[in-house]
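K.L.:
quick one, structure for this:
(chains A and B)
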Amino acid sequence: MPRSAPARRRCLQTLRMLAVPILAATTAALGASPPHTATPAASGAGEWRMPSRDYGATRYSPLAQIDAQNAPRLHPLWSFSTGVLGGHEGQPLVVGNTMYVVTPWPNVLYAFDLTQEGYPLRFKYRPAVSPNAIGVACCDSVNRGAFFADGRIVYNLLDGHTVAVDAASGRQLWITQIADVASGETTTMAPLVVKDRVIVGASGGEFGIYGWIKALDLKTGAVVWTAHNLGPDADMLIRPDTFKPPYDRGTDLGARTWAGESWKNGGGPVWGSISYDPDLDLIYYGTGNASPYNPEQRAGDNKWTSSVLARRPEDGSLVWAYQFTPHDSWDYDATGPMILADLTVNGHEVKALVHFDKNGFAYTLDRATGRLLVAAPFANVTWAKSVDLATGRPILDPSKQTGASKGNVKGICPSLEGGVSPASPAAYSPRTHLFYTSINNLCMDYAASQAGYVKGTPYMGANTPYMAGPGGKMGGFIAWDAATGRKVWEDAESYPSWSGTLVTAGNVAFYGTLDGWFKSVDARTGKLLSKFKVGSGVVGNPMTFRGPDGKQYVAVYAGIGGDWFLLAGDYRSDDPADVRLPADFIKDLARRTSQGGMVWIFGL
Amino acid sequence: MLAQGLLMSKLSQSGACAISLAAVVLLASCAKGPDTTAAQAPSAPPAIRYASHIDAGGERPPGATFQDPKTGDPATIKAGETLFTAMNCDGCHGGGGSGWVGPSLADGRWRYGGSDAAVFTSIFYGRPKGMPAFGGKLGSDGVWTLVTYIKALPVAPDIATESWENH
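P.N.:
Take a look at the predicted model:
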């Protein structure tokens, strides 16, 4: 789930850039707590205040002290054990002179004082969070990060709560229940704050939830609006004259494109990131798979699962929607980031939205209208031949259609882990005009079966063994030209690649590997510049900041998990009652990594 | 509504177990909810005795160690296999109980105890890391059927040692 693309209020941006050095100097001198601001979007060049750094989800930093020439000198300067073993997805924040880290369940928030040697804690916040959520989260007890706004750190607890914590004192300001664990809902995504709205969603595409997105009041935590991602227009906050999808017409599409009332347990979770265009005043997010995995129980397109939705943050109104994978039959969530970038496509300047989908295609859309401009495979794809730009629909290979009546359908690529995982956000550099993302080269067989809905239990109905894709290398890291739909370069990896991406003005791109290497490469060529073994597989997202000493640093989590909690085989050491054989397609990963959450900081 | 009568009759059918009356009363009472006299009594004994728990000495606290009345019964094992899928147990514990998000049920190792009574209790009342309580859905008959199936699963060789060297 990558995302990126800047779109900012220019005056504020300029103002902010002028203000930052003075502010940084002041706070450094005072050893002060993070500055309060009424402008959640504002972010100094040396800071990282929201999950993807900017509203466009670019994961691009303007810092350039570390560059392609000196990056080979990068080395670890500091590390910290989080004391938690779950998969460390997400990324730290840096606000002023404080670094914030949220762990997987039990969702501890650490605040490190960057002005003192060894970065001692300013505070540690330990919320009361139910362990029940661990078993209801489909794929490990992950958390994808926090958001800083108006002096608060806002994030989700796995058990269906959102909390706001005072960024200076660590005091809990409010806590709101947003999701129901007993119904299969958990909360792993990172919130997005727009003005005074906190936008949140829930996981549960494997539990037959009725997927939704909500807005909370930043000051009080009260729920302001709830919009479902499927179902009748009224539930979806589709209002007369505001909804203009580029390729579809009609009312109640979110219910009428489902057999019977199958939409009621139809999935459509929100577990990736959200982006925002202040000029168009639209938030963008992807929805997850349709439930259950056996598609024959839900004939029809199953709108708006596996889709991108554009809404007004103020009242939640749906403005447009585009479905990447109609009638998802392969668990192709579209919850990866929607990266906002201004590109030149076919000679025209376009306010674009770029998305790397689990289904293996990279999409470039007009983010004002949702119309498709470019769609091309970035990974090995067999389920579809191409995407028709006129209709927006994939041209399917009928032999790869799954269902309980079709038996075991072989050779589907990508696997349901995705050509890229939505948990591995891409980055965009306005300097190279290229996108950077981890990729997976896995295929699967898919044997669907009838699934029965039982509240709070998995609602799936498919057995889907994996195998390496063509060439045998199971992962990689690529640079992508989204204006033309072309891969520019690729670095192959032996294991599936599950980390997010960072790219900087120094033309350095950063990512980590499942077997525990943290790497930097030249953003123009892909040439390896540095690597260091961080102790556990990397499924988190690198970020960068400028410290109180004026130097640029790069931080990343180590701590294998997420789907690899399930797939890596016997890599645990903490539970003698859970011993299992290695996964047959990746027998030796457990030879190279074990669990363990660490925060690392690198510098020159 | 839980089938308390059934639970008690199954227990008494089993014959092989020594059950204190208080334990049975508590087990039945818990199923009714928190308002029963037995559940409120601070001195109520535990319903299940866990062989794996250490003992602080003195007189052993009363506790049941009842057994599955249908152990090894082929028809019940078959019915349990069907139920294991129908209740989506396989969604968390994997096909054949081989382990997924939830722990393996076929590795011979148990997080909450592997006695018939402990496995029954895990399914009937649930466990704190997200294992739902199926007692209300299945009643004691259904839960015993699952116990029969799970306890009949072939136990995989213990892989206490995993080696990547060639020998």
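K.L.:
and the gap between residue A:465 and residue A:422?
P.N.:
Between residue A:465 and residue A:422 the distance, using C-beta to C-beta, to the nearest Å, works out to 21 Å. For the C-beta atoms, the positions are set from N, CA and C on the backbone; glycine is no exception.
K.L.:
hang on, I meant residue B:75
P.N.:
Counting by C-beta to C-beta, the gap between residue B:75 and residue A:422 amounts to 45 Å.
K.L.:
more neighbours, those two?
P.N.:
The residue with more neighbours, out of residue B:75 and residue A:422, is residue A:422; 26 against 10, by other C-beta atoms under 10 Å in any protein chain shown.
K.L.:
show me which positions of stretch A:90-102 end up buried.
P.N.:
A:90-102 (16 or more other C-beta atoms under 10 Å in any protein chain shown).
K.L.:
with respect to residue A:442, which of those residues is nearest?
P.N.:
Sorting the buried residues of stretch A:90-102 by distance to residue A:442 puts residue A:90 at the head of the list, at 23.1 Å, by C-beta to C-beta.
K.L.:
do you have the helices of chain A handy? List them.
P.N.:
Under the criterion DSSP state H, helices of chain A are mapped to A:10-30, A:132-136, A:233-236, A:253-256, A:564-567.
K.L.:
no wait, chain B
P.N.:
Using DSSP H, the helices found in chain B span residues B:4-14, B:21-32, B:37-40, B:74-86, B:89-93, B:116-125, B:135-151.
K.L.:
residue 59: how many residues sit nearby?
P.N.:
I'll assume chain A. The burial metric for residue A:59, expressed as a neighbour count using other C-beta under 10 Å, is 35.
K.L.:
think we crossed wires, I meant chain B
P.N.:
A count of nearby residues for residue B:59, using other C-beta under 10 Å, gives 5.
K.L.:
try the one 5 residues further on
P.N.:
In terms of burial, residue B:64 registers 23 neighbours under the definition other C-beta under 10 Å.
K.L.:
about what we covered before: if you average pLDDT over each of the helices of chain A, which is lowest?
P.N.:
Least confidently modelled of these is helix A:10-30, at a mean of 37 by mean pLDDT.
K.L.:
so who does the closest residue to chain A within chain B touch?
P.N.:
Relative to chain A, the nearest point of chain B is residue B:130 (2.0 Å; C-beta to the nearest C-beta). Contact criterion C-beta atoms under 8 Å, 6 or more residues apart in numbering or on different chains gives A:131, A:132, A:133, A:134, A:135, A:136, A:137, A:181, B:92, B:102 as the residues in contact with residue B:130.
K.L.:
next up, the contacts around the third one.
P.N.:
Right, residue A:133. Counting by C-beta under 8 Å, 6+ apart, residue A:133 touches A:105, A:141, A:157, A:158, A:159, A:160, A:181, A:186, B:130.
K.L.:
low-confidence ranges, chain B, go.
P.N.:
Per-residue confidence for chain B (pLDDT under 70) gives these ranges: B:1-47, B:167.
K.L.:
ok, and the closest non-adjacent residue to residue A:465?
P.N.:
In this structure, residue A:465 finds its nearest non-sequential neighbour in residue A:445, 5.5 Å apart by C-beta to C-beta, 6 or more residues apart in numbering or on different chains.
K.L.:
right, and that neighbour touches residue A:413 too?
P.N.:
No: taking C-beta atoms under 8 Å as the contact criterion, residue A:445 and residue A:413 are not neighbours in contact, 10.9 Å apart.
K.L.:
residues of the stretch 501-604 of chain A that sit close to chain B?
P.N.:
A:566, A:570, A:575-582, A:588, A:590-591 (C-beta under 8 Å from any C-beta of the partner chain).
K.L.:
out of those, who's the most crowded?
P.N.:
If you count neighbours using other C-beta under 10 Å, the busiest of these is residue A:580, which has 22 neighbours.
K.L.:
among the buried residues of stretch A:90-102, name the ones in strands.
P.N.:
Under the assignment DSSP state E, the buried residues of stretch A:90-102 contribute A:93, A:94, A:95, A:98, A:99, A:100, A:101, A:102 to strands.
K.L.:
closest one of the residues of the stretch 501-604 of chain A next to chain B to residue B:86?
P.N.:
The shortest distance between residue B:86 and any of these, using C-beta to C-beta, involves residue A:566 and amounts to 22.5 Å.
K.L.:
residues in contact with that closest one?
P.N.:
A:139, A:140, B:100, B:101.
K.L.:
for the residue found closest to the second one once you drop the neighbours it is linked to in the chain, what are its contacts?
P.N.:
Nearest-residue entry for residue A:140: residue A:565, 3.9 Å, with adjacent residues in sequence omitted and distances by C-beta to C-beta, 6+ apart. Residues counted as contacts of residue A:565 (C-beta under 8 Å, 6+ apart) are A:86, A:87, A:139, A:140.
K.L.:
show me the two of those residues that sit farthest apart.
P.N.:
Across the contacts of residue A:565, the longest distance by C-beta to C-beta is 10.6 Å; it joins A:86 and A:139.
K.L.:
what does chain B put close to chain A?
P.N.:
That would be B:86-89, B:91-92, B:95, B:98-104, B:107, B:109-111, B:128-132, B:137, B:156, B:158-160, B:162, B:164, which are the residues of chain B within reach of chain A (C-beta under 8 Å from any C-beta).
K.L.:
gap between the nearest residue to residue A:296 once chain neighbours are set aside and residue A:479?
P.N.:
For residue A:296, the nearest residue in space outside its immediate sequence neighbours is residue A:403; the separation is 4.1 Å by C-beta to C-beta, 6+ apart. Note on residue A:403: its distance to residue A:479, by C-beta to C-beta, is 37 Å.
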